[in-house]
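# Need a 3D model of the sequence below.
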Amino acid sequence: MSEVAVREGLNVNTYEVLGTAHRGTLVFSFVRMSENIKEFSNQIPAGEADLLIGFEPLEALRLGMLWMSEEGLAILNTKRVIPIYESLGKDVFSDEPRPRGYPPNEEISDFLESTGATVMTVDASEIAEKLGNKVVVNTVMLGMAVASGVLPLSKETFKDTIKILAPEGTAELNLQAFQTGIDTLPENPRSI
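Next up is the predicted model:
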């Protein structure tokens with residue numbers, strides 16, 4: 001996404017927190033882009049995220065409750081990967097015990113909608129598996145994000161960038177996944 005924004009002449013800042021999910025902390029990235037502002041923080045202020053692409057529902061909820069804007073769009077993969085803190089009944093943000101159990105995806109969507117955001121849920125993992133490789137789940141969801149109109153970036157620039165940046169031998173699969181994501185976007189954004 002950031003490479004596409006740069007190719008289209010936007011100013012871009014990114015921020016990543018990587019590699020510690022197995023210890024109970026969040027793994028996430030921010031991408032901020034602007035036509036006019038040349039210098040801005042790489043972190044999105046609380047309540048100002050226009051788009052959340054969540055690969056795991058509960059992790060998306062933890063991020064979205066803090067960062068989603070009232071006008072934002074959250075696209076959530078429905079495939080659950082039970083986080084370690086959930087199975088232990090602990091939370092990295094508190095010493096207080098938490099109830100065991102993973103909330104239903106419908107509850108997660110409802111909580112995120114309470115921020116005012118629009119929520120779309122999709123089993124992007126299943127779509128990726130049907131395409132032949134579960135790794136392209138991110139490209140499926142990116143296609144949905146582009147089709148939503150939230151991103152000020154062209155589909156063609158995304159496709160050109162995928163051709164250049166996809167790992168060797170995967171460009172066609174990633175292009176197919178991207179187009180499938182575009183074609184999957186529903187008229188009713190609640191559930192796919």
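# Identify, by residue count, the longest strand of this structure.
strand 68-77 (DSSP state E).
# which strands and helices sit next to that one?
Packing partners of strand 68-77 (3 or more C-beta pairs under 8 Å, 6 or more residues apart in numbering; DSSP states H and E): strand 49-54, helix 57-67, helix 105-113, strand 118-122, helix 137-148. For the C-beta atoms, the positions are set from N, CA and C on the backbone; glycine is no exception.
# Can you spell out which helices and strands pack onto the longest one?
Which is helix 137-148. strand 49-54, strand 68-77, strand 118-122, helix 124-131, helix 155-165, helix 171-184.
# With mean pLDDT as added columns, please give the ones you listed in a markdown table.
Shown next, in a markdown table, are the helices and strands packed on helix 137-148 (pLDDT from 0 to 100):
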| stretch | mean pLDDT |
| --- | --- |
| strand 49-54 | 90 |
| strand 68-77 | 92 |
| strand 118-122 | 92 |
| helix 124-131 | 95 |
| helix 155-165 | 95 |
| helix 171-184 | 95 |
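# Could you dump these into a markdown table with distance to S29 added?
Putting the helices and strands packed on helix 137-148 into a markdown table (distance: least, C-beta to C-beta, whole Å) gives the following:
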| stretch | distance to S29 |
| --- | --- |
| strand 49-54 | 9 |
| strand 68-77 | 15 |
| strand 118-122 | 19 |
| helix 124-131 | 17 |
| helix 155-165 | 16 |
| helix 171-184 | 18 |
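# Out of the ones you listed, which is closest to S34?
When the helices and strands packed on helix 137-148 are compared by C-beta to C-beta, strand 49-54 sits nearest S34, at 11.8 Å.
# residues making contact with the closest one?
For strand 49-54, the surrounding residues in contact (C-beta atoms under 8 Å, 6 or more residues apart in numbering) are 30, 60-61, 63-64, 67-69, 71-77, 112, 117, 138, 141-142, 145, 148, 150-151.
# What is the neighbour count of V150?
Using other C-beta atoms under 10 Å, V150 is surrounded by 16 other residues.
# confidence score at it?
Listed pLDDT for V150 reads 88.
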